[in-house]
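Colleague: Sequence unavailable; structure follows:
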């Protein structure tokens, strides 16, 4: 059983969509880490730590690149929130549509031989994606906040032991963490074996399938 969609056109099966989004975030982080010298494109906690260490070492190159990725993510979060809160009939479709457009732009830049600019577009897309998180049986999932997912998992274990929430909520948070790990592993394998362009092409295809699933009412 999952929570009912809060708006017309929202996901019919929010756990499926949340799992897909979490896996995509892990996938993107692995791709970004491999292509951008250890930068993450959706996991901003890691980037913030890197920003601080670069500041301490006065490494202006790393400092600038990390700050730009973080700013790109925030821009995406702002844009995604505006879309989700707008009076549109299908906000989830709108978010995914803009995200796919950004990723297609990144693909075009990669095909043209560019490296860093497409990564900024991907980070904007990930910021947008986080705004489309899902609530399933009280568990807020679908974000790339891995630390938050683990904390919520521990917190929900206590709540379940005291009978305040159903054990399934604990399982959902645990699934979110495991899905992120699976996405990272898949992203690392794909970008290593086939390169950035093909890795992004797969991501666009998966999100496109999700978009069609929401449109048809199957997801």
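Modeller: Now that the structure is in, tell me what you want to look at. Since the structure is predicted, the reported quantities are computational estimates derived from the model, not experimental observations.
Colleague: CA atoms for contacts and neighbours, from now on please.
Modeller: Noted.
Colleague: what's the helix or strand for residue 179?
Modeller: helix 167-194 (DSSP states H and E).
Colleague: list the helices and strands that helix packs on?
Modeller: Judged by 3 or more CA pairs under 8 Å, 6 or more residues apart in numbering; DSSP states H and E, the packing partners of helix 167-194 are helix 14-35, strand 139-141, helix 146-161, helix 196-216.
Colleague: Please pull out the lowest mean pLDDT helix or strand from the chain.
Modeller: strand 134-136 (a mean of 69; mean pLDDT, DSSP states H and E).
Colleague: tell me the residue furthest from the middle of the protein?
Modeller: residue 162 (31.9 Å; CA atoms, centre = their mean).
Colleague: And the residue nearest to the spatial centre of the chain, how close does it get to residue 50?
Modeller: With distances taken as CA atoms, centre = their mean, residue 25 lies nearest the centre of the chain, 3.4 Å away. Using CA to CA, to the nearest Å, we find residue 25 at a distance of 19 Å from residue 50.
Colleague: next one: residue 161
Modeller: Counting by CA to CA, the gap from residue 161 to residue 50 is 37 Å.
Colleague: out of the two, which sits in the more crowded spot?
Modeller: Neighbours were counted for residue 161 and for residue 50 using other CA atoms under 10 Å; residue 50 has more, 19 against 11.
Colleague: so who does the more buried one touch?
Modeller: Contacts of residue 50 were listed using CA atoms under 8 Å, 6 or more residues apart in numbering, and they are residue 66.
Colleague: which element is it on?
Modeller: Going by DSSP H and E, residue 50 is in helix 44-57.
Colleague: starting at the chain centroid, how far to that helix?
Modeller: With CA atoms, centre = their mean, to the nearest Å as the basis, helix 44-57 stands 20 Å off its chain's centre.
Colleague: what mean pLDDT does that helix have?
Modeller: Average pLDDT, helix 44-57: 94.
Colleague: Skip ahead from it and say which helix or strand is next.
Modeller: Next along the chain after helix 44-57, taking DSSP H and E as the criterion, comes helix 60-85.
Colleague: Next, the angle helix 60-85 makes with the helix or strand following that following helix.
Modeller: With elements assigned by DSSP H and E, the helix or strand that comes after helix 60-85 is helix 91-111. On the basis of axes from the mean of the first three to the mean of the last three CA atoms, to 10 degrees, helix 91-111 is oriented at 150 degrees to helix 60-85.
Colleague: Next, the angle helix 196-216 makes with helix 91-111.
Modeller: Using the same axes, to 10 degrees: helix 91-111 against helix 196-216 is 160 degrees.
Colleague: For residue 195, see how far away residue 133 is.
Modeller: 29 Å.
Colleague: Hmm, residue 144 and the residue nearest to the centre of the chain touching each other?
Modeller: Yes - between residue 25 and residue 144 there is a contact under CA atoms under 8 Å: 5.8 Å.
Colleague: who touches both of those two?
Modeller: 42, 180.
Colleague: follow-up on the earlier one: pick the most buried one from the helices and strands packed on helix 167-194.
Modeller: helix 14-35 (a mean of 25; mean count of other CA atoms under 10 Å).
Colleague: For that one, give me every contacting residue.
Modeller: The contact list for helix 14-35 (CA under 8 Å, 6+ apart) reads 2-3, 5, 11, 38-43, 115, 119, 126, 129, 133-136, 141-144, 175-176, 179-188, 191, 196, 199, 203, 210, 219.
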